[in-house]
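**Q** A predicted structure for the sequence below; I have some questions about it.
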Amino acid sequence: MSDPVDQPGFPGSPFSAARGAVAGGVGAAADGGGHAGRNGGAGRDRWRALALCEIANFQSLRRHLGRPRSDTLIHDLADHVARLQTGLRIAPAGRALLEVAFESENPEDATALIDRLAQSFARSVDLDGERHLIQLIWGVAVAPAGEDDDVRLTEGAEAALEQARSEAGIVTLDLSQTHVAFDGSALARELPRAIAAGQLFLQYQPKVNVRQEAVTGAEALVRWHHPVRGLILPGEFISAAEDGGEIVGLTLWTLRQVIADQQVMRAHGHDMPVFINISGVLLADDGFVAEACRIVRDSGARIGFEITETAVIRDPESAIRHLQTFAAIGIPLAIDDYGAGLSSLAYLKQLPASELKIDKMFVMQLTSSNRDPLIVRSTIDLAHALEMEVTAEGVETPAALALLSVMGCDMVQGYLISRPIALDAFVRYLDEESYKSVATMRSSFARPEAFWRKSG
């Protein structure tokens, strides 16, 4: 069978002629559950795999093809991949990002499958009468099928993709290895040296104001590229920093780096608040609070802090006192992951917060649950009664966005808008998308069954 991307030209979709499986394809496939099937063949261990595929030269293609045509390219890519290999679960995760979920016999088979998919793009393809090379990078995370932590699998794929950007190819992260290899106390001891060596970096996820239909803020998320272990997931090193007494240094570094990055954003005409996450441990630390206030006050930067309900419950008196100190100097406060823990109205009414962020576990089930829409709507009404704005996290589909808009949600954040991205990519995103209506955004990273595109 001929290589589908080696055709002289394709009618309609540029990939419409693609048929069959990848030559020598791996026989492992998804069974259709979750990211990929939880259960493999009888008596055999299976692996779940999640791959993020990014069009590395999207901006160049966009200049040649124009905006309308380039915005459909990721959907053509999804169609092409679906025809190349059966048993995949595929969904666009943005204008230049594709999510591919499947199951394999082992990590090596998962990498081999992705390598064969990547090889199918080694030659140029006809796009509207012109030959163009589509350059792809792949970040893959694999985990034993018995581990059903979708968040960790997603973070692993994101970490692998970030590493792939510098290596320009395919990077696979075996989460079973990272899970057993990381010693929390060792990570905590390494953090100061890692900060000094420039191993940590930030990514930014935009927040869109629903009424203004514009990006009006962002959340900063810290990442660690370890010289030996590769990209370490935040869930590993942040908890290690808390347990090992290094969370103060990590958070102050994050604060200073966000302030420096904001200067870059302002130089490009983008002035907006950026929020960072504050550990509950720090809300009982007088020294941290004083230093954080000094840094923000001296810089004049637009910085916000996100805190969780559980952070307040640890030491309510000290936490509320310090949060009031932050609010007094103009630092906006957001209650993060609301609803994920034991939500307490007694604490909620005492907090000087101006924003409440609804946990994504409610938002992601908006269109497939009877109860979650009621919970979200009542939470929005409650927050507004307390004079707080509401941000919905985990917004991944236009249907969820439309429902949240009707409910009166103020801001949205999630993969429908953008995944977390590096500073330079975030600035480019703001340059291109600041004027774009949220209503025109395409479906992305849609986990509900009805939104997945299946192959085979």
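**A** Sure, I can see it. What you are looking at is a predicted structure, and each value in this text was computed from that prediction instead of being measured.

**Q** all contacts plus neighbour counts: C-alpha atoms, from now on.
**A** Fine.

**Q** Please spell out which residues along the helix or strand encompassing residue 240 are buried.
**A** Assigned by DSSP states H and E, residue 240 falls within helix 234-244. Residues 234, 237, 238, 239, 240, 241, 242, 244 are the ones in helix 234-244 that count as buried (16 or more other CA atoms under 10 Å).

**Q** Put the alpha carbons of the helix or strand following that helix into PDB.
**A** Proceeding N to C from helix 234-244, the next assigned helix or strand is helix 247-267, under DSSP H and E. Listed next in PDB are the C-alpha coordinates belonging to helix 247-267 (Å, rounded to 0.1, in the frame of the first residue of the first chain):
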ATOM      1  CA  ILE A 247       8.300  25.500  49.600                       C
ATOM      2  CA  VAL A 248       9.200  29.000  50.600                       C
ATOM      3  CA  GLY A 249      12.100  29.200  48.300                       C
ATOM      4  CA  LEU A 250      10.100  27.600  45.400                       C
ATOM      5  CA  THR A 251       7.200  30.000  45.800                       C
ATOM      6  CA  LEU A 252       9.400  33.100  46.100                       C
ATOM      7  CA  TRP A 253      11.200  32.100  43.000                       C
ATOM      8  CA  THR A 254       7.900  31.600  41.200                       C
ATOM      9  CA  LEU A 255       6.700  35.000  42.300                       C
ATOM     10  CA  ARG A 256       9.900  36.800  41.100                       C
ATOM     11  CA  GLN A 257       9.800  34.900  37.800                       C
ATOM     12  CA  VAL A 258       6.200  35.800  37.200                       C
ATOM     13  CA  ILE A 259       7.000  39.500  37.800                       C
ATOM     14  CA  ALA A 260       9.900  39.300  35.300                       C
ATOM     15  CA  ASP A 261       7.700  37.500  32.700                       C
ATOM     16  CA  GLN A 262       5.000  40.200  33.200                       C
ATOM     17  CA  GLN A 263       7.500  42.800  32.000                       C
ATOM     18  CA  VAL A 264       7.900  40.800  28.800                       C
ATOM     19  CA  MET A 265       4.100  40.600  28.400                       C
ATOM     20  CA  ARG A 266       3.700  44.400  28.900                       C
ATOM     21  CA  ALA A 267       6.400  45.000  26.400                       C
END
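
**Q** which other residues reach helix 247-267?
**A** 191-192, 195, 202, 220, 222, 238, 241, 271, 274, 276, 278-279, 282, 288, 292, 295, 299, 301, 303, 423, 427 (CA atoms under 8 Å, 6 or more residues apart in numbering).

**Q** Quick one: mean pLDDT for it?
**A** Average pLDDT, helix 247-267: 97.

**Q** now the angle between helix 234-244 and that helix, please.
**A** 130 degrees (axes from the mean of the first three to the mean of the last three CA atoms, to 10 degrees).

**Q** What's the PyMOL syntax to select whichever of the contacts of helix 247-267 are buried?
**A** In PyMOL, a selection of the buried entries from the contacts of helix 247-267 looks like this (16+ other CA under 10 Å):
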select buried, resi 191+195+202+220+222+238+241+271+274+276+278+279+282+288+292+301+303+423+427
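
**Q** Give me the neighbour count for residue 328.
**A** 12 (other CA atoms under 10 Å).

**Q** do residue 317 as well
**A** Residue 317: 12 neighbours (other CA under 10 Å).

**Q** And the helix or strand harbouring it, what's buried?
**A** According to DSSP H and E, residue 317 maps onto helix 316-328. Residues of helix 316-328 classed as buried: 316, 319, 320, 322, 323, 324, 325, 326, 327 (neighbour count, 16+ other CA under 10 Å).

**Q** Please name the residues that touch the second one.
**A** The reference is to residue 319. By CA under 8 Å, 6+ apart, the contact list for residue 319 reads 280, 283, 284, 311, 312.

**Q** now the last one
**A** Residue 327 is in contact with 333, 352, 353, counting by CA under 8 Å, 6+ apart.

**Q** which sections of the stretch 351-456 of the chain are below the confidence cut-off?
**A** Counting by pLDDT under 70, the stretch 351-456 of the chain contains low-confidence residues at 433-456.

**Q** The stretch 1-150 of the chain: helices as residue ranges?
**A** Listed in chain order, the helices found in the stretch 1-150 of the chain under DSSP state H, counting those that start in this stretch are 58-65, 67-70, 73-84, 107-119, 150-167.

**Q** cool, the stretch 301-450 of the chain as well?
**A** Using DSSP H, counting those that start in this stretch, helices in the stretch 301-450 of the chain cover 309-314, 316-328, 345-348, 360-363, 372-385, 398-407, 423-433.

**Q** from the contacts of helix 247-267, which ones fall inside helices?
**A** Secondary structure from DSSP state H places 191, 192, 195, 238, 241, 288, 292, 295, 299, 423, 427 of the contacts of helix 247-267 in helices.

**Q** which among these gets closest to residue 361?
**A** The shortest approach to residue 361 among those belongs to residue 238, at 21.4 Å (CA to CA).

**Q** measure that closest one to residue 257 for me?
**A** Going from residue 238 to residue 257 by CA to CA, to the nearest Å gives 17 Å.

**Q** Repeat that for residue 289.
**A** Per CA to CA, residue 289 is found 17 Å from residue 257.

**Q** Next: residue 173.
**A** Residue 173 sits 27 Å away from residue 257, going by CA to CA.

**Q** hang on, the earlier thing: can I get the buried residues of helix 234-244 in TSV including distance to residue 135?
**A** Below are the buried residues of helix 234-244 laid out as TSV (distance: CA to CA, whole Å):
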residue	distance to residue 135
234	29
237	32
238	34
239	37
240	37
241	38
242	40
244	42
